[in-house]
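Undergrad: Give me the fold of what follows.
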Amino acid sequence: MRIIIALVLWIMPTALFAQNWENRHLFNYQSSGQNLRIISSTDTSLFAPVIEKFISRYPNVGVEYLVIGTADVNEIFRENPAGFDLVISSAMDLQLKTVNDGLARPIPDLFHPPWAQWRQSLFAFTSEPAAIVINRTAFAGHPIPQNRQDLIEALRARPEVFRGRVGTYDVRLSGLGYLFATQDARASETYWRLMEVMGALDMRLYCCSGDMIDDLANGTLAVAYNVLGSYATARIEMEDRIEIILPSDFPTTMMRTAMVSIDAPHPVPASAFIRHLITLQSGSDADVLPLPPLNSKLNDVDRATIALEPALMTFLDALKRRKFIAEWEDSVIQE
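TA: Numbers count the residues shown, from 1 in each chain. Presented below is the predicted three-dimensional model:
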């Protein structure tokens with residue numbers, strides 16, 4: 001009886017959350033054999049080519065790919081590290097803390113630039129900027145904002161056009177949204193002025209970039225702030241409806257990261273998958289990755305890129321997080 005209860009408790013966290021996946025897709029699933037279980041915040045449509053290329057090299061390995069928001073990726077994985085082989089997320093701070101807490105398996109013989117990995121356990125494989133994305137129709141006949149101050153002035157000039165039609169992440173729910181917000185706030189006071197202006201216009205709050213892009217395309221939104229530029233770029237069929245702006249004042253760029261669970265059921269093929277991600281950065285396979293590749297010059301020239309370093313965890317401190325969110329709510333939720 002004790003064995004049965006222990007088994008139920010071991011599988012319970014995954015079972016409880018199974019119905020909440022944004023997407024679940026099986027690739028080359030093996031009825032008997034090795035199936036990697038990947039929990040990820042990256043949309044299946046953007047990551048499928050990466051998995052398919054991996055399977056072409058390792059035909060005896062299958063993949064169960066599970067997609068959910070960045071905050072949920074962190075929470076679900078921590079509930080049950082043995083339930084997953086790999087964790088892929090754009091929330092660099094949460095990923096780095098997971099490694100620091102001893103929940104990732106090192107791959108000591110994998111060469112990767114020091115600035116693009118942490119403790120030989122967390123590996124960056126993309127460089128993706130946060131963007132201002134606009135619906136072109138809302139700006140017809142008016143200047144297109146090129147930075148945050150321009151956006152503030154544009155919103156103030158025509159509040160009747162933008163009321164209820166500006167959006168950004170709900171930083172209380174989105175791990176990536178919280179990361180972008182804290183980094184913006186550290187870089188400039190302009191961020192808080194922008195949040196106050198957007199809040200006064202009855203700002204809409206979102207869990208993820210994909211939903212914001214959908215609402216930009218259908219006209220619900222006129223402006224979305226801190227959208228992943230890579231997601232907007234991938235929607236090439238909407239080029240006539242949306243425009244992507246990388247702020248000229250200080251573009252914030254994150255690196256998407258991957259790690260192998262310390263309790264991965266299949267550590268060998270999981271480590272091979274990490275090597276596969278790194279290999280895709282160059283050579284004939286570079287076009288397989290639909291997301292922007294890692295910028296090889298980040299350590300020298302791109303200071304706007306969020307660094308994989310202990311300072312990332314500053315705003316994960318419970319007291320600092322409560323204080324930041326309280327200030328954010330005061331700015332954006334206006335009665």
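Undergrad: which one is residue 198 nearest to, not counting chain neighbours?
TA: The spatially closest residue to residue 198, leaving aside those adjacent along the chain, is residue 166, at 4.9 Å (C-beta to C-beta, 6 or more residues apart in numbering). For the C-beta atoms, the positions are set from N, CA and C on the backbone; glycine is no exception.
Undergrad: how many other residues sit next to the one you found?
TA: Residue 166 has 24 neighbours, counted by other C-beta atoms under 10 Å.
Undergrad: need the contact list for it.
TA: Contacts for residue 166 were tallied using C-beta atoms under 8 Å, 6 or more residues apart in numbering; they are 155, 198, 201, 203, 204, 221, 222, 223, 224, 225.
Undergrad: Take the residues you listed and keep only those in helices.
TA: Cross-referencing these against helices under DSSP state H gives 155, 198.
Undergrad: in a strand, that's where residue 59 is, yeah?
TA: No. Secondary structure of residue 59 (DSSP: H, G, I helix; E, B strand; the rest coil): coil, not part of a strand.
Undergrad: Surely it is in contact with residue 28?
TA: Yes. Counting by C-beta atoms under 8 Å, residue 28 is a contact partner of residue 59 at 7.1 Å.
Undergrad: out of the two, which sits in the more crowded spot?
TA: Using other C-beta under 10 Å as the criterion, residue 59 and residue 28 rank with residue 28 on top: 17 against 9.
Undergrad: The more buried one against residue 62, yeah?
TA: Yes. Residue 28 is within contact range of residue 62, at 4.6 Å (criterion: C-beta under 8 Å).
Undergrad: if I look at those two, which residues touch both of them?
TA: Shared contacts of residue 28 and residue 62 (C-beta under 8 Å, 6+ apart): residue 55.
Undergrad: what's the closest of the contacts of residue 166 to residue 138?
TA: Nearest to residue 138 among these: residue 222, at 3.5 Å, using C-beta to C-beta.
Undergrad: quick one: low-confidence ranges for the protein?
TA: Along the chain, segments meeting pLDDT under 70 span 1-19, 282-286, 296-303, 335.
Undergrad: ok, which stretches of it are strands?
TA: 23-27, 34-40, 61-67, 86-89, 104-105, 117-118, 122-124, 128-135, 166-169, 204-206, 223-228, 242-245, 253-254, 257-261 (DSSP state E).
Undergrad: Is residue 21 in contact with residue 67, as I believe?
TA: Yes. At 6.3 Å, residue 21 counts as touching residue 67 under the criterion of C-beta under 8 Å.
Undergrad: Which of the two has more residues huddled nearby?
TA: Shown here are residue 21 and residue 67; by other C-beta under 10 Å, residue 67 has more neighbours (23 against 15).
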